[in-house]
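Asker: Return a 3D structure for these sequence lines:
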Amino acid sequence: MNRPTGRRLRTTSPEKSVPETDVIIIGAGPTGLTLACDLARRDVSFRIVDKAANPFAGSRGKGVQPRTLEVFDDLGIVEELLSAGSVYPRMNAHLWFLELKWHMVKQVQATADVPYPITWLVPQWHTEKILRDRLERLGRRVEQGVEIVGLEQDHAGASVQLRRDGQLQTVSASYVVAADGGRSFVRKSLGMEFAGSDSVEGRMIVGDLHVDGLSRNYWHVWPAAKGGAIGLCPLPHTDLFQLMIQLRASEDEPVLSEQVIQTRWLAATGLKNIRLHDPAWLSLFKPNVRMVDRYRVGRVFLAGDAAHVHTPAGAQGLNTGVQDAYNVGWKLAMVLKGAPASLLDTYEEERLPVAAGVLGLSTKLYKSKKLPKRGDAERQLLLNYRGSSLTTEIGWHKHKLQAGDRAPDAICENSSGRIRLFDLFRGPHFTLLAFGAQAAAAIRDLEWSPVDVLRKYFVQLSGIAEEYPTVFDVSGGVRAAYSISDNDNVIFLVRPDGYIGLIAAQNWKNAVNEFRKAVASV
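Answerer: So this is what the prediction gives:
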């Protein structure tokens, strides 16, 4: 068995030379697929490989948070995600002869600035399929059944050795992104510590199966079942339930089969009128709480479960990985097109503290003895990069919204009719919003090279469109979302990942130019 050494493995098989590529993505789960979609729309050359012969077929990470839905809006797949899922059903706790029902997920109405307010229930396999389909529409595809078995790097680039059908090939690239899960070969080959803990307590059987005799209107839980709690969550647009059966810390790892599941069910609940059968996927889950202390080692980056693993509580793992990819994607593209490599250091600067905070949140929820309930913290809309090297404020004293915060959505109008700010943000560019005639005039002739990197908009209450693109804040919703008064002259520079990089209430043109220099020299 080949073990990770961080060095190229010796072999007598002939190695095939392949064309050099910009990025090699290891792993095609939600994290790797999100990064691939982002790089594809930026015209970055890459390969994305996955060890498994076929795409993942289970539900596993089934909660898609509002901020992740916004990422998928930017990638052009949010409507597909919404159609593939549903709101979470109410919980129904079966306690002897009682039934206790409640909403685990906070019920929030959509607003102009938060168009996707609720955690969405989508089986992971379906999320991955939608991302995979989007990638194919962009002209790229995942290479399945390709395993990384060696890794080398130096100041000039990285080289990975891949094995497919017993054949080895060496591929060189400028950068490698490891999205290969909690057992990451890449992380191990780099000798990186994965600090944290795991425990036999909290182990559970998870899987997707058919259930007869049970309503699909609720997420059913039996918290006092013999041997450990049991849960059955209906998966939208399927005839399956996701199963969770807690295991005793003292028991051996069980055989996973339909007969074993049904036997355990009857022994735990005594409910003969409910039958569990024909599992589509079964697995043993053991809770891990671990993360790295670095996101970058030379030309290799870690993302998703390769960098942090969570308890399942709060539906944070998949979402945090997607946003790792969303953060590093635009930075890789800029560096590959000429920005200094030091820009990539901000990936760790910004994402490592977020992962640490999310890890603490999911662990706290997992250990809580209260009835599970999810609120604003889990939705990831409040996560920010305040204080990052890529955030600047000049003359801005209204602290409701700060540089580093998520850029809110809002309804406005242009010459074609009603439009959202998210429509303006969608794509691989920076977006500059100018409020007030002085600010707009100051940045009218400002351009970045290449010119498609920056898009500028003058935000007016009403009137005649200026020479460059103008949007009309007829209802005042944009000003409300961005804390703008009628007399303000201020600009907001929104980064490609939807976070505010710059707020300037004076020296507008110089502020943008200085921010551009900062991006090119951090």
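Asker: remind me which residues of the stretch 101-250 of the chain are low pLDDT?
Answerer: For the stretch 101-250 of the chain, the stretches with pLDDT under 70 are 197, 199-200.
Asker: Show the residue spans covered by the helices in it.
Answerer: Taking DSSP state H, counting those that start in this stretch as the criterion, the stretch 101-250 of the chain carries its helices at 124-137, 185-189.
Asker: Please produce TSV containing those helices, extended by mean neighbour count and distance to Thr21.
Answerer: Placement of C-beta: from N, CA and C, glycine included. Output for the helices of the stretch 101-250 of the chain, formatted as TSV (neighbours: other C-beta atoms under 10 Å; distance: least, C-beta to C-beta, whole Å):
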stretch	mean neighbour count	distance to Thr21
helix 124-137	20	15
helix 185-189	22	16
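Asker: I'd like to know which of the ones you listed is closest to Val471.
Answerer: Val471 lies closest, by C-beta to C-beta, to one member of those: helix 124-137, at 27.2 Å.
Asker: what about dumping the CA coordinates of the closest one to PDB?
Answerer: Listed next in PDB are the C-alpha coordinates belonging to helix 124-137 (Å, rounded to 0.1, in the frame of the first residue of the first chain):
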ATOM      1  CA  GLN A 124     -25.600  16.400  -0.900                       C
ATOM      2  CA  TRP A 125     -25.600  14.200  -4.000                       C
ATOM      3  CA  HIS A 126     -28.000  16.600  -5.600                       C
ATOM      4  CA  THR A 127     -26.000  19.700  -4.700                       C
ATOM      5  CA  GLU A 128     -22.900  18.000  -6.200                       C
ATOM      6  CA  LYS A 129     -24.900  17.100  -9.300                       C
ATOM      7  CA  ILE A 130     -26.000  20.700  -9.900                       C
ATOM      8  CA  LEU A 131     -22.400  21.900  -9.500                       C
ATOM      9  CA  ARG A 132     -21.100  19.200 -11.700                       C
ATOM     10  CA  ASP A 133     -23.700  20.000 -14.400                       C
ATOM     11  CA  ARG A 134     -22.700  23.700 -14.200                       C
ATOM     12  CA  LEU A 135     -19.100  22.800 -14.600                       C
ATOM     13  CA  GLU A 136     -19.900  20.800 -17.700                       C
ATOM     14  CA  ARG A 137     -21.900  23.700 -19.100                       C
END
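Asker: now the helices: where do they sit in this protein?
Answerer: Under the criterion DSSP state H, the chain carries helices at the ranges 30-41, 66-74, 78-84, 124-137, 185-189, 258-269, 317-336, 345-367, 421-425, 437-442, 477-481, 508-521.
Asker: Mean pLDDT lowest where, among the ones you listed?
Answerer: Note on the helices of the chain: lowest mean pLDDT is at helix 345-367, with a mean of 78.
Asker: okay if I get the helices of the stretch 101-250 of the chain as JSON lines plus distance to Gly228?
Answerer: Converted to JSON lines, the helices of the stretch 101-250 of the chain look like this (distance: least, C-beta to C-beta, whole Å):
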{"stretch": "helix 124-137", "distance to Gly228": "23"}
{"stretch": "helix 185-189", "distance to Gly228": "31"}
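Asker: The ones you listed: which one's closest to Ile394?
Answerer: Ranking the helices of the stretch 101-250 of the chain by proximity to Ile394 (C-beta to C-beta) places helix 124-137 first, at 37.7 Å.
Asker: For the closest one, enumerate the helices and strands it packs against.
Answerer: Applying 3 or more C-beta pairs under 8 Å, 6 or more residues apart in numbering; DSSP states H and E, we find helix 124-137 packed against helix 30-41, helix 78-84.
Asker: residues contacting the residue lying closest to Gly387 once chain neighbours are set aside?
Answerer: Closest residue to Gly387 apart from its sequence neighbours, by C-beta to C-beta, 6 or more residues apart in numbering: Gly404 at 6.6 Å. Neighbouring residues of Gly404 by C-beta atoms under 8 Å, 6 or more residues apart in numbering: 384-388, 391, 499-500.
Asker: backbone phi and psi for Gly404, please?
Answerer: With angles defined as degrees, to the nearest 10, Gly404 sits at phi 100, psi -20.
Asker: Next, work out how far apart it and Ala229 are.
Answerer: Distance, Gly404 to Ala229, by C-beta to C-beta, to the nearest Å: 40 Å.
Asker: Correct me if wrong: Leu336 contacts Leu39.
Answerer: No - at 9.1 Å, Leu336 does not count as touching Leu39 under the criterion of C-beta atoms under 8 Å.
Asker: joint contacts of those two?
Answerer: Counting by C-beta under 8 Å, 6+ apart, the shared contacts of Leu336 and Leu39 are 22-23.
Asker: The two - which one has more neighbours?
Answerer: Shown here are Leu336 and Leu39; by other C-beta atoms under 10 Å, Leu39 has more neighbours (28 against 19).
Asker: How about that one: what's its closest non-neighbour residue?
Answerer: Of all residues beyond its chain neighbours, the one nearest Leu39 is Phe46 (5.2 Å), with distances taken as C-beta to C-beta, 6+ apart.
Asker: Of the helices of the chain, which is nearest Ala53?
Answerer: Taking the helices of the chain one by one with C-beta to C-beta, helix 124-137 is closest: 14.7 Å.
Asker: so the closest one versus helix 317-336, what angle?
Answerer: Interaxial angle, helix 124-137 versus helix 317-336 (axes from the mean of the first three to the mean of the last three C-alpha atoms, to 10 degrees): 20 degrees.
Asker: which residues touch helix 124-137?
Answerer: Helix 124-137 has contacts (C-beta under 8 Å, 6+ apart) with 28-30, 33-34, 36-37, 40, 48, 55-62, 64, 75-77, 80-81, 84-85, 141-142, 237, 318.
Asker: what do you get if the cut-off is 6 Å, keeping everything else the same?
Answerer: 30, 33, 36-37, 55-57, 59-61, 77, 80, 84 (C-beta atoms under 6 Å, 6 or more residues apart in numbering).
Asker: do the same with stretch 257-264
Answerer: For stretch 257-264, contacts defined as C-beta under 6 Å, 6+ apart pick out 254, 276-277, 279.
Asker: Apply 7 Å and report the result again.
Answerer: Stretch 257-264 is contacted by residues 245, 254, 275-279 when judged by C-beta atoms under 7 Å, 6 or more residues apart in numbering.
Asker: Stretch 387-399 now?
Answerer: 346, 349-350, 385, 402-404, 483, 490, 495, 501-507, 511, 515, 518-519, 522.
Asker: Among those residues, the buried ones, what's the ChimeraX command?
Answerer: Burial among the contacts of stretch 387-399 is assessed by 16 or more other C-beta atoms under 10 Å; the matching ChimeraX selection reads:
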select :346,349,350,385,402,403,404,483,490,495,501,502,503,504,505,511,515,518,519,522
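Asker: residue contacts, the closest residue in space to Ile24 that isn't next to it in sequence?
Answerer: The spatially closest residue to Ile24, leaving aside those adjacent along the chain, is Ala173, at 4.5 Å (C-beta to C-beta, 6+ apart). Going by C-beta under 7 Å, 6+ apart, Ala173 touches 20-24, 157-158.
Asker: in the sheet, who's paired with Ala173?
Answerer: Thr21, Ala158 (DSSP bridges).
Asker: list the contacts for the residue nearest the centre of the chain?
Answerer: The centroid of the chain falls nearest to Val322 when counting by C-alpha atoms, centre = their mean (1.7 Å). Counting by C-beta under 7 Å, 6+ apart, Val322 makes contact with 30-31, 34, 68, 71.
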